[in-house]
Every structure is written in structure tokens, then in C-alpha cells.
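> here are the coordinates; sequence isn't available:
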């Protein structure tokens, strides 16, 4: 089973909660996903619409809440959001996101590392969202993060594991869990990430914008389990030469 | 649910039975796969080893037996094997394989079409193994086959859905079920085939040569269900532009 | 140098002449491409616009004219067009195309083989356009075609060498030249086809619809030469492990 | 034409000089490549073999010498090597490489940025070798580097442009030239990088380990020109739908 | 006379000496689901009842929303 | 009196006993760039001058165009 | 005197007038899992008991094996 | 009596008061193709002639080699 910062998870699918059509569909999608790690964002209360409240749908006993620092453009902003999240009662878990460029929402390696060092010092369980950069992953590991979260492709693109080769290197070197985050747009993408040895995947857009988010959540749950099972069972070798699946002997009767 | 030639299948994973380490592992793999369509080959009895008997492990009430014509190099040989298979009591189902070249085990489009026409005439439910050739698929459909089985990549290579673009065209045009056969080497490959709308997949080598065939059979079962579920739920669109999964408003407090 | 049916070509880029913005741009594109094999189609004269005449721009002494049978939906139509082409004075060269489905313009393997046999009998130098089907390629070779022309992807899609794995098999087995036709949408696609050992490529859409067809023709000419040169020079091996390009010794001074 | 730090280059192919079979083959390969930017490394003189001397084969009037900091594991080591290189008379050009991990030879984003800032301050024309990290590329640009050099795949792997999607983002945002470095293993890879708008490519292993380095150098030169020409000419659009290259009218005579 | 608070960038008028807890409830929010930052300092939830707002206090009320 | 020819699906009126060659030229075409099929049979180019069209002849005039 | 059968390419000696069913059983096989082709003709399973092998019969015994 | 230099990690014996330039030439190297670091400080090439080596000097001689 997957263990991160001493906490054990039965499901290797982490779920983001953005962009769902309704709170009710979000709730049913979470259940269908079987996820035990749910990300949320922190935002100013909209005084014009105080009713809307995600905490109503999140059963804190069933899920670990993983607040993100989305919106932070540098280490200082990320640290401030992290402290507010903890004060809001989400515990010590934190998905560290530092994305200075709204066009790409890609992470800043330098600011992310700086923020990670401070937040680890303050006792957070830090899961940084990073580019698929093996050296940065090692530096964050040395800084004491709970896991690393390399991207498959840019957030919301559904382009899948474009960074496969680099992610394979990160996995081969990591002593902390590797969670592939961002861009996984189909169950096959999630299965692929798990087959190469990722410890978990985080999915949001592919599920929340699907025609039927609840069924898509279930589809990803199945695919993540399939990919992990295949990784543990051991995939057969690839080759360019065909190899018969039926016996090549005992055919004399048609010769 | 999947219906082929009037028969309904709960599972969309078809399983080949070649190259398993033992009859016991084969039997447990079949169960783990949940498959209801099991392929077998026809061979001369080895008088030196009469004991070995696959029919002992196949519960004919649980599975449809799909004998293949593996070994046939032309239509005449395929037809002869088909008739022997029916005489052997496997019923009318037939996986038509005509592979003149043992180096590639790739199918012969002309001989396959000729054999299909005759076997349909004789009342077989013909599932022809073909290259990913959309025009040939249409001709076989017109000839009355029960389904078409385009290859993902050459038999036993585990190279996956190399023919994706052509298979997508076959699926878009087909009035009969499309079963992707050969080369699917990982659950993610099977999920991908199902996500683009394949009706089923046939897997053998990837499971039988896996480190743990029983677990790999289960992994493929999960992946096939995941891919189908995603196809029915409706995958979100792919794009090159990043799109935030967290709200882009309500951030003024850090600005 | 490339030899097909006894004729030697300095350039391994064959050029299609469809969809160019003007006769003048076509003429300059042909020159920029350095191509010596130019395809044309056969159509009814438009009595309303008798002026338009491609033969005015084609110097028959510089190029081999390769009429295609585009529009043919079966062997009979292809054979009729072939005979008209020869009567029109294009010589014995023929690009055999049999595409029954206007939606995909994909070739019919059975009708193509039947037409090839007859046209070879009638003394044509037949270059059949086919799906990337290695067995069909062998059958056409046995039927006496001058070369085989497997597709990279459907006509006009610019999707490149989607069929790479199958084309590699065709090349490994072929005794006749292999010309990759259709779908090559960028010079890199053409270079890739040549690097894996294709004898030539045929390009039309990618050049005629380019922003600047003349420069694009030159770009493809350079890429085809690059790919062939690389094939003959011998590409280095691929690997997943990094290997330093600078010496790993002599560094003690910074240690 | 390409201009970097005020210097204009006719060739967009930069050449590394490591691992060539002999000084003579290196010299002929440089000529065949047409390259005007040649990388070298700095190493302790081997007192046991004082003869070996690369400067003998490099005509300083024809090429810009681009010393790299290969071997440096942090900013301090890179800066020391840079100063030695300048003292050695190579001028102000510098390929900044900081690779702490000999297993992957992948660059360190934090140390690379730190070294770049100092070396820019000291008047070097810095070309940093980086992971395909768009945010890091922007930070280096702000730091005043002359160009950015994102990797295609790890050094020496010949795996090509695995990072295509990220490199496209870097190119779309960069105000400085983008030179794709590392992993380009075939001319088609180099052409692809140029087609998406890279300003230049740096190649070493693919040429030096080729069967015939001199011809491979020429092949890359052709491919780089082809890719650039295509980029400037404007590639046609890709699509999944086939589009005829021959006229779809004037066929009534066979109908 | 009434007191002025800048809450989430908007001016709000309330009664003098109101506790943070009551102010949040007056806004129709559940205190346990809101985190408050007053004049740049985070206020611990257990202090909402005893923390009294002052005139011109700059108050930020933050909460969790769906995000990835 | 004039003669009627069906050329490329259209009815054309011309003078009786006209040669295929003259008919093609009258259409503003170059005979050497056109291939002719009359009543389903290909006419060799060297016979254009001697081949005389008859009333109600079904004539197809084909030529090369740009194609891939 | 004994009778000679060519079974699956090998010469087998057995008793004259033996039924196909008994012959298969003598080989240690289950008749219901074997399909027989005698002198190029398939023998229906329900006829195994009544079908008598003759001297020099060319017999092929086929069965299902694992295959993909 | 002779003088000891540590050059590129190896002990070298040479004559007292030798210039860096002569020392490099004695090693069979071309001074213009070598960069020298003596006791951690880079020596400018134009100073090779006037720069005199001392006993126990730590000398590093570096040069360009093929690299990517």
C-alpha cells in the first residue's frame, strides 16, 4: 500500500475538486473515485454568494484534505497561502504550487524549492508540483518533501504523459513517492503512469469536464488499479520481432 | 453490453490461451480476466504426450470457445482447420487467421477475405484477424463476418496500438464489432483501444508471459473496463493551452 | 542511386502536382524539388476552360511522368484509366490507386492486386499505392510491380509516418524499391522515412498547400537527401542511459 | 539569419567535438557540417600524452569557439571553468552546463541560474544547457543569457525531441534564441526541432558515433536547413480527415 | 455610532465592539469554515469569540473552494 | 446539314465528316495533349487526322491535370 | 494377424477390425476431446464406435491446445 | 640544487627560477594552447615569460579537448 509521510492510502488516485458541474456531482465523483486524498484551493469568501461551501460535501473522516497553493506566483505567496490553509484546519498536508505565468501555469523550480524548504521547516507535509525535472526532484527530496509531483503535461490539457522519459528517471531515483500530476486526460494515461512505477496520480480536469464525471471518476479508479497491478505483476518485454502465441509445432497435418 | 453474432458478453476482454506456464495458472488467469471468450488452437495430438489436454481446464458452460486457424498459410488450410474445429465440437465460432509469413505472422488480406466468404457460407461466426486496413474491414463486413479484429502491432511484440489512426477509421465506419487483436502489451494499451471506441480487445502474450499472469489478467480486465467506461462517459477535449483547475478569481488577498 | 524498372533517378523525392496555387508556382516548385518523377492525374477536358493545360509546364525530357489512377474505385476503372494514360503518351509508368471510399481515400488491397496483375501483363511499370501491409507488399512484388508505395497516413492529412512499424517490416522484406506515399506533412517526416531505409518518398499536399510551396519543395528535397545520407552513413544506437559527450576524465582540477 | 549576442551565424547547426574517432575525422566533419559554432571542453593536460591537441584542428577564424563547463557539479565549479576557458583565449562565449548527477547528466536548474547571473555579470555570453522548463527559460532570459539550450532528451541517448511540447512553449515565449541541445539522434529529429521554430540545434553524439561521421555531419546540415526552410515557408495544417490531392471532378467518364 | 470594517476589499458597517465570530455569522457564514486574517495577521479560530474588531480593521475572510 | 456529337457529356453540333483532329482543334485544344475515346474505344493519336466522326458519336476527351 | 495404421505420421500396429473409438482409447486419449480425420475425411464423433479402421488407414488425430 | 613543482597532481623536478613559459615548453606543450593556474590563481598568458615558478608551486595546466 502507498504510504506518504507516515499516512497509508488504499487508493493511488488523488482527486482534484475544481470545475465540477455541481457539488452533488463532485460528491458522487469522489465516492466513485475511491480517492482518499482530495485537493482543494483557498480563496477569498465571495460575500455576494456566501452559501457556496465545499466543506459541506467533504467528509473529513474519509479523506485527507490536500490544500494547494494555486494562485501563488512566488515562494512568499505560497507560504502565506499554506499558513492560511493550516489555520483553516486542513492539517499539515500541502500541495505546493508556484506558477508565475498564468499562460502556462507551469511551476517555478527556484521559488518552489525555496518555499518547500521553509514549509518543511514549519512542519508541513509538502507535495510540490514540479516540471518533470529529475535534478529538481532530488533537491526537493533532500529538502524533506513528502513526495514529488512531476507533471505529465500542462494543467488542463489532457495531453497525457508527454514527459514519460523524464518521469521514468525521477521514479528510478526517488526515495520519496512520485505522484504524476497534471495533464493526465484519459484512464490510459493514468494506467501508463502507474505501469512505469509512479506511486500515485492526481487527476482533476479529465474527470470534472468529462461528459459524465462520476463514471469517469470510476474509470480512472479502475485504470490506476490496473496500472499498479501490472507494475507489480511485471510487464512482458517489448520487441520488434513477432512471436507466435499459438504453438508452432503439431501443424504437419496441414502441411 | 457487447453482442457478437447474437451472443451477449459481459466482459470485453477476450483471452488467448497460448504460452501459459501451466494449466493451473491458465485456469486461474481465465478466472481473473473475467473473460467469456477464450481462444484455442488446433494441433495434431502428440502421441508421445497424450496427457496434456487443455479442454480439462476450460468450462464450456462459462466461456465461448473461439478456435483460431493459426498455422494456416492460405484460405484452403484455414478452411480445413475451421471444419476440424467444428467437428471437434467447438461450435460455430472461429477466429480466422491466415498468416503466410512465419517471420511476421501478419495476415494475408486476399486469402483472409476468400476464406471468410466460404466460412460464412458454411455457417461459421467468423472473426477475422486483419491488418488495420479500413477498406478490407468494410469488405469483410459486407462478406458477413461477425466482427473484425485489426491488429495493434505484430503478434507477441507488446508494442501496443501502433495502428491507432487506422483503427479509429475502422471503428468510425464499422457496422460490426471491432476487436483489437495482437500487440497490446500493457493495460494502458488495452484502455487506449477501448477509449477510442473498440468493442473489445483480445490479449494473450502480454498476460501469459507476464511475471504473474494471474494478476496481469486482472490488470487487463480492470483496464478494459476503465477504457470502456471512459468511452461511454465521454473524454474531455485535448488542447495545447493550459487551463486552471482551481478558480482564477478570489485571489486578491495575495495580490 | 535509385533504380526503378531499370530507370535511374538522382532524386529520391517524387512530387505530386495537385492543388498548387498556379501553374507558375507548380513549375518553380518542381525545379526547387529537384524531382525527376512527377505524378499527374487523368481527367475529362473541361470544355468550358480548355486553356488550363498542365503539360505546358512539364518538360518531358527532364521528368518521368507518373500518371495515377486516382478516382478509380475498382480494378476495372483503374485499368481503363491506365490504358487512357498510356494512349495519352505518358509511357508505361503508372501509379496504381484504387480507392473505393471517398471518405478515407484508402486503397483496396484486393482490387489493387488484381489490377496490378493485369497491368503488369500489359507491360506497365506499376507502382501501387497501398496500406502499410507487408503481406500485400510481398504479393504485389511477386506479381511483378516496379515498386510498392505504402502510405504513411491518409492522403492529405500531413500526419506523417503513423505506420512506421509496418513500413519498417515492408522495407526489411522488399526486393523492389519502397516509396512512402501519402501523409508525409513535414520535411522531418520525409527524413524519418528515408532514415529507416525507404528508397524514396512521394509528396504532394504538404508542398502544394504550404505557405510558400517553392521553398517547401526545396525543404523536402534537403530532408530527403539528409535522411538518405543518414541511412547510408549509419545512425548511432538509441539508449535510455545518458552518455557524456565530453571526457569524463581530466577533471581532478575542480575536484 | 541567426544572431546571438550580436554575432551572426549562417549555419543553424552547432557542433560538439567529443567522441570523434580521430582529429582528422573531426576536422572533416566540422567542414561537412558547415557549422560556425563549435563546442569544446576544458580538461587537465595529460602529461603522459601532451601531443593530443584539439586546437590544431580548429581554425579560430572560421568558427566561434563555445567552451562548455562540462564536469561542473555546482555553480562555483562552473564559474571556475568559465574563467579558465576565457583565460585560455576562447573569448566570452560559454555553454553553461551544471550536471550534479553523472548517471543522468541532467542540468541543475538552481545552480545553473545562479552561475548564469554571475557569468553574465562578468561579461560572458552565456548559453545555458537546461531541462525543457519554460519558467526557468524565462528566468534565465531575464538574467541576461545570450540564448537558452533546452534538451530534447538526455545527453547521448539519441532519443530525439522527447520534450517537444515543453520546447514549443519555450519557443513561443522566448525573446532570446532557443537552441535545442542533447539527445537529437537523427536528422529527422533536428528537422523537427527546426520546424517548430527552434533557432538552432547543437549535435554531437549522433554525429561522432555514426558509422560515417563526416556524412552524418552533412546529413544534419541538410536537415537543419530543411527544417528551418519549412518553418519559414509555413507548414500546411494537420488533420484526421483525408483530402484528395487529385481533382475530385472530371471523373464522369469512368462513372 | 456604527463602526466601519474593510472586509474582503469591501467596506462593511457594523456595531462597535463586535466579535469576529459574530461578524462572520452576520455575513451568513459558518465560522468553522472560514479562516480570518485581520490587519495582516491570522486569527486563530479558538479566538474568534474573544477577538473584537476595531474601526477600520482590514479583514480578510478566506475559505476552501474546489481546486486541483 | 450539321452533325451532332456527344462530347464529354455535352451535345456539340459540327460539320459532317469532320476529322477528330479538326474537331479537337475547333474546341481550342491541342490534339497532342488530348486522348480521345470514341464510342468506348481509344483512338490512337496518329489516327486523329484520318478518324472521321459520325453522327451521334459518343466522344470523350481526356487529358492530364495536376494530381498526386 | 495384426493391422498397420499410419496415425499422425507414425506407423501403429493394432488388431484387425478395431473401431476408431477403441483405437483412440488404446492411445490413452479421451475420444470426446479428439477430432479424427481418416484418409482425408473427417469422422463424426458419433460414428467413432461404428467406424472400423482398415489396414494402411491414414489417420489424423487432432485436438485443441492453448493458442491466441 | 633542483626545484620541486606539483604539476597536474604529479611531482615534477626542474631548475630553480624557471619561467612558467619554459616549464610548459619543457613538458612538450605549446604555451599558447595551455592555460595555467598557479596556487589557485590564473596566470595571464602574456605573463608566462616573466612568471617564475617557486619551490612547491601547485601548478595546474589546462587545455581544450573535444567536448559537446
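Good, I have the coordinates. Since this is a predicted model, take the numbers as computed values, not measurements. Residues are numbered from 1 along each chain as shown, chains lettered A, B, ... in the order given.
> From here on, just use CA atoms for contacts and neighbour counts.
Fine.
> Which positions within the longest strand along chain E qualify as buried?
Of all segments of type strand in chain E, defined using DSSP state E, the longest is strand E:58-66. Within strand E:58-66, the residues that count as buried by 16 or more other C-alpha atoms under 10 Å in any protein chain shown are E:58, E:59, E:60, E:61, E:62, E:63, E:64, E:65, E:66.
> Among the residues you listed, which one lies nearest to chain F?
The shortest gap between chain F and any of the buried residues of strand E:58-66 belongs to residue E:66, at 53.6 Å (C-alpha to the nearest C-alpha).
> which parts of the stretch 101-250 of chain A sit against chain E?
For the stretch 101-250 of chain A, the contact set with chain E under C-alpha under 8 Å from any C-alpha of the partner chain comprises A:203, A:204, A:205.
> Spit out the contact partners of residue E:30.
Taking C-alpha atoms under 8 Å, 6 or more residues apart in numbering or on different chains, we find residue E:30 in contact with residue E:24.
> If we check chain B, which of the residues of the stretch 101-250 of chain A next to chain E are in contact?
Restricting these to those touching chain B (C-alpha under 8 Å from any C-alpha) yields A:204, A:205.
> from the residues of the stretch 101-250 of chain A next to chain E, which ones fall inside strands?
Restricting these to those inside strands, with DSSP E as the criterion, leaves residue A:203.
> Just the buried ones from the residues of the stretch 101-250 of chain A next to chain E?
Among those, those scoring as buried are A:203, A:204, A:205 (criterion: 16+ other C-alpha under 10 Å).
> I'd assumed residue B:244 was in contact with the second one.
No. Taking contact to mean C-alpha atoms under 8 Å, the distance of 10.1 Å between residue A:204 and residue B:244 leaves them out of contact.
> Dihedrals phi and psi, residue 9?
Going with chain A. The phi and psi values for residue A:9, taken as degrees, to the nearest 10, are phi -120, psi 130.
> hmm, I had chain E in mind actually
In terms of degrees, to the nearest 10, the main-chain angles of residue E:9 are phi 80, psi -10.
> contacting residues around it?
By C-alpha under 8 Å, 6+ apart, the contact set of residue E:9 is residue E:60.
> re the thing from before, which of the buried residues of strand E:58-66 sits closest to chain C?
When the buried residues of strand E:58-66 are compared for distance to chain C, the smallest value, 38.5 Å, is given by residue E:66; criterion: C-alpha to the nearest C-alpha.
> for the closest one, what are its contacts?
The neighbours of residue E:66, taking C-alpha under 8 Å, 6+ apart as the test, are A:16, A:17, A:18, A:19, A:39, A:40, A:41, A:54, B:246, B:247.
> Please repeat the previous calculation with a cut-off of 6 Å.
Under the criterion of C-alpha atoms under 6 Å, 6 or more residues apart in numbering or on different chains, the neighbours of residue E:66 are A:17, A:18, A:40, A:41.
> next one: residue A:251
residue B:43.
> now do 7 Å
Residue A:251 makes contact with B:43, B:44, B:71 under the criterion C-alpha atoms under 7 Å, 6 or more residues apart in numbering or on different chains.
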